[in-house]
Each structure stands twice: as C-alpha cells, then as structure tokens.
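Enquirer: how would this look folded up:
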Amino acid sequence: MDICKNILIFVLILSFLTFSLYGCAANQPASSVKPYIPDEEITFFIASDIHYLDQSLTDGKEAFQSFIWSGDAKHLDYIDNILDAFTSNIEKEKPDILIICGDLTNNGEKASHQTLAKKLKRIQEMGTSVYIIPGNHDISNPWARCFESTGQYPVETICDKGFREIYGEFGYNEAISRDEHTLSYLAAPSENLWLLMLDSNQYKNNMESNCPNADGTINPKTIPWIKKCLKMADKKNAQIIAVMHHSLLNHNDLKNQNCTIANKEDVLKLFRKYNVQLTFTGHIHVQHIATCEKGKYPIYDIATSCLAVYPQKYGILKYSSTQGFHYRTAQVDLERWARENGIPDEEIKRFREYSKSFFSEAALRRAHNLLRNLSDYSGEEKQLMAETLATLDVEYFQGTLNIDDFKNTPGYRLLEKANPCILKRYQAAGYKNINNLELSVPIIR
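Expert: The predicted structure is shown next:
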C-alpha cells in the first residue's frame, strides 16, 4: 500500500513539474500534446499562401475562369493537385514539422477551411507535425465566394473562433501559451527549439467595411505577451523561430505598404534583445530573404513564395544542435506525382512548363497595363518593354533575379529611359549580400 501511495505522489509531483515548466501554458487535454521531437536534428518544411478553394465551390465555368485569368496567376483550378503532390513530397522526405505562414484559403470560405484541415490531418497522420497561422484572406472575409456558371455568389466565411476550432490540432491545442487578443500562440515542438506563431492580421472590421483588410500589424496588446514568451524561452535556454503572415522587414522599396507590419520596430526591439534571428513570412508571393544587421546578431525575414503560383516553391529548414540552421528552397514536383499516380491530364504532365507560361502571360498583361499610358513609344517598343518586365517578374517572384543579366537588352534600355520607377523594385531586389534561395545561420551560444 505504501508503495502505491509513493508512486501516486511521484506521479503527481512529476505532473506538477511538467506543467510548471511552462508557467503560462493553456489548459489542454494531454491527448492534444505531441511528443517532443529530438533536438539534435530537426527538418522543417515551410509553405505559404496556399489559397485553397474547395472544389465544391466552383463548376469550373465562365465566372471561375474569368476570376482566374483576371488574378495574379494562382492555379486555383489545380490547387488540389498541387497540394496532393506537395503531400507526396512530405511523405517521401518525412520532415518533422510543416509550417504554413497564412492565406490558407482563397477568400476565407468555410468549406475551403474544412477541406484543407482534412488534408493537413492526413499530413499529420504521416508523422509530420503541422503548425499554422491565418493570413489576411482567411478570417471574416466578406469576399468569400462560390462560382457558378457566369456568376459569383457569397458563401459562409469564418470568424477567429471558428478558425481556432477548425485548425485546433495544428498548433492551438498544444500551445504552451496563447495570446488573449489574437490567434497568436507559442508552441514547443522540441525542448530547445520553440515556435512563436504570430497573428499579424486585422480582420475585426472586415464585415462592416465589406472589404478584407490587407494591412499587417502586431496588436499592441500582444507585445507584452510576446515579451513574456521570449523571456520564458530565454529562461529555458530555448531558441525561438518566429512565424507571421506579413513581412517583418521590407523586402521591396515599392511594395512595403500593406506588406510589412506597421509596428515592426517594436517587434524588432524584442527580437534583438532575445536573439530571435529567424522569422518566416508569406503574403508578398515572392521568394526573398531580407536582413536587418542592427544589433549583436542579424535578423532574417525569409518570405516564402505562394504555393499556388509558379514555381510552387516551399522552404526546407534543417536545424542541427551543433551546426545551426540551413535554409534552402524546393519545388513541388507535380510531373513526378502525375507519373506515379497515372494522371492523364496533359497540362499536369508538363506542369512546370505550363505553370511558367501561365505566370508569364499574367505578368505580360500586368506589364501592358502599366505601359498603356506611355505615348512616346511605338507598339513594337512597348511590346519589347512589356516582355522584359514579364521576364523580370518571373525571375523576381521565384527569387532568382540578377538584374545585371538584363541591363544590355533592348527592352531594359527602353525601360530605363521611360520611367525609373518601373524598374526600381527589380533593381532593389537583385542579388546583393544574400542568395534568396539559400541561407546558413550558426547557432547562438
């Protein structure tokens, strides 16, 4: 009897110590907590901007096709195939963790969220832990639509509470701390490497304004909570990786409005103090690494491009407790997936070529719109300029732009004289100190 009593006391003490390790832990059932991933080596996949549209919301006809062709080259008609091929990549590579940096759905349709959650559950059942945050498209979005024949029709969206319920098992239920004011949370997938998942969206007034707010900020009431999380991690000697939808740093001189969080200096101040070096973001659909050299250690904002858009890239982060972090990009291989699964669709069989062509056509349309008011150039000259801009866009969005490769082309020389602002974002994004597809960060001792 005494032995049983002693065992019971020991179990109670152990339970208390486990809870005390994370003083601000949310009350969650034990079944929602995933086992620790060993700290020695951890592999992350990072994806962003899936923009998933449930196929029950479209008949594929005129309204849907018009929506696709008037947009920014998102493959909503192939999004299930892209996700299935990506899931196949995960099944083969077996990463420990998948992070998704927001904009999970096209425009926050409840049906899209529900179906995507089922797909993410399958990934988690394969042994990869999934952690997600919302994007500006995902919550209380008055633009949630279905597409039938020639019309678009409103469908049900979700609020922040609904988001947490649908995606509870992808970070929220196991969070060791949750912010009271937003959908931000702190997770500890391993003992010494934690994830600070930050909700940078402003969706409270979307329905009243009948327009989703694209601006990013960290709620001022969330800043003290972030500080508590960073203090807790520091006390436990755990390193933090931060994740948010909007940019932490400016990635482009002409594209910072609505993209970089409004109060970035408040967040950067905390990150510098507690040596948070890596932040993963999405939103801008560009593969790009921005850096801030102020402080003892550099801070990197790694923007992952849109999974639904050419070239369907995602990030791979390898962590070693002795070597630190190494980041690179990879491309979803739909062509291999199609071969392995006997998919007859000819466009999927050559998807890389098809997707690039689709993106280039959209970029060419944008370029012609940009140049349409220039009156001092012939149609042939405008075509040269538009083709150059479209090619620059392809390289820019996939993170491989080297502006020097274009400077001697006829289209580029015409653009230089036409309007310097047209080229400014590309000139600023060309290779400087960082290769946008690869990065190594040593461990901080």
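
Enquirer: Domain-wise, how is this structure divided?
Expert: 27-336+435-441, 349-429 (automatic domain parsing).

Enquirer: Please identify the most buried of these.
Expert: domain 27-336+435-441 (a mean of 19; mean count of other Cβ atoms under 10 Å). All C-beta atoms are positioned from the backbone trio N, CA, C, and that covers glycine.

Enquirer: pLDDT (mean, whole number) over that one?
Expert: Averaging pLDDT along domain 27-336+435-441 yields 94.

Enquirer: could you show me where the strands are in the stretch 51-200 of the chain, in order?
Expert: 97-100, 129-132, 145-148, 151-154, 177-178, 185-187, 193-198 (DSSP state E, counting those that start in this stretch).

Enquirer: could I get those strands as a markdown table with distance to Tyr36?
Expert: Shown next, in a markdown table, are those (distance: least, Cβ to Cβ, whole Å):
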| stretch | distance to Tyr36 |
| --- | --- |
| strand 97-100 | 12 |
| strand 129-132 | 10 |
| strand 145-148 | 42 |
| strand 151-154 | 44 |
| strand 177-178 | 17 |
| strand 185-187 | 11 |
| strand 193-198 | 10 |
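
Enquirer: Quick one: closest of these to Tyr412.
Expert: The closest of the strands of the stretch 51-200 of the chain to Tyr412 is strand 97-100. By Cβ to Cβ, the value is 36.5 Å.

Enquirer: Which elements pack onto the closest one?
Expert: Packing partners of strand 97-100 (3 or more Cβ pairs under 8 Å, 6 or more residues apart in numbering; DSSP states H and E): strand 41-47, helix 110-125, strand 129-132.

Enquirer: Out of the ones you listed, which is closest to Leu193?
Expert: Between these, strand 41-47 lies closest to Leu193; by Cβ to Cβ that is 6.3 Å.

Enquirer: Which neighbouring elements make contact with the closest one?
Expert: Under the contact criterion of 3+ Cβ pairs under 8 Å, 6+ apart, strand 41-47 touches helix 79-93, strand 97-100, strand 313-320.

Enquirer: Asn419 is nearest to which of those?
Expert: strand 313-320 (30.0 Å).

Enquirer: What are the contacting residues of the very next helix or strand once past the closest one?
Expert: Where DSSP states H and E defines the elements, the next helix or strand beyond strand 313-320 is strand 324-331. Under the contact criterion Cβ atoms under 8 Å, 6 or more residues apart in numbering, strand 324-331 has outside partners 89, 278, 287, 302, 311-320, 352, 399, 437-443.

Enquirer: ok, the nearest residue to Gln114 once chain neighbours are set aside - contacts?
Expert: Excluding the flanking residues, the one nearest Gln114 by Cβ to Cβ, 6 or more residues apart in numbering is Ile166, at 6.2 Å. By Cβ under 8 Å, 6+ apart, Ile166 lies in contact with 113-114, 117, 158.

Enquirer: For those, give me TSV that also has distance to Gly171.
Expert: Output for the contacts of Ile166, formatted as TSV (distance: Cβ to Cβ, whole Å):
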residue	distance to Gly171
His113	15
Gln114	17
Ala117	12
Ile158	16
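
Enquirer: and of these, the nearest to Asn192?
Expert: Ala117 (29.4 Å).

Enquirer: so what's the closest one closest to, chain neighbours aside?
Expert: Ala117 sits nearest to Ile166 (Cβ to Cβ, 6+ apart), 5.1 Å away.

Enquirer: cool, and Thr409?
Expert: Nearest to Thr409 is Thr388, by Cβ to Cβ, 6+ apart, at 6.2 Å.

Enquirer: name the element that neighbour belongs to?
Expert: Here Thr388 is assigned to helix 379-397, by DSSP H and E.

Enquirer: Next, the residues that contact that helix from outside, please.
Expert: By Cβ under 8 Å, 6+ apart, helix 379-397 touches 285-287, 305, 309-310, 356, 359-360, 363-364, 366-368, 370-371, 374, 377, 401-403, 406, 409-412, 414-415, 418, 422, 425-426, 429.

Enquirer: do stretch 259-270 as well
Expert: Residues contacting stretch 259-270 (Cβ under 8 Å, 6+ apart): 200, 215-218, 220, 223, 226-227, 230, 244, 246-252, 276, 283-284, 292, 294, 299.

Enquirer: Check stretch 417-428 too.
Expert: Under Cβ under 8 Å, 6+ apart, the answer for stretch 417-428 is 252-255, 370-371, 374, 376-377, 385, 389, 392, 396, 401, 403, 412, 415-416.

Enquirer: as a whole number, average confidence for it?
Expert: 80.

Enquirer: Just the CA trace of it, in CSV.
Expert: The C-alpha coordinates for stretch 417-428 follow below in CSV (Å, rounded to 0.1, in the frame of the first residue of the first chain):
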residue,chain,number,x,y,z
LYS,A,417,14.6,55.9,-70.1
ALA,A,418,10.8,55.6,-69.9
ASN,A,419,10.3,55.7,-66.1
PRO,A,420,12.9,54.8,-63.5
CYS,A,421,10.1,53.8,-61.0
ILE,A,422,9.1,51.0,-63.3
LEU,A,423,12.4,49.3,-62.7
LYS,A,424,13.0,50.3,-59.1
ARG,A,425,11.6,47.3,-57.4
TYR,A,426,13.6,44.9,-59.6
GLN,A,427,16.8,46.9,-59.2
ALA,A,428,16.4,46.8,-55.4
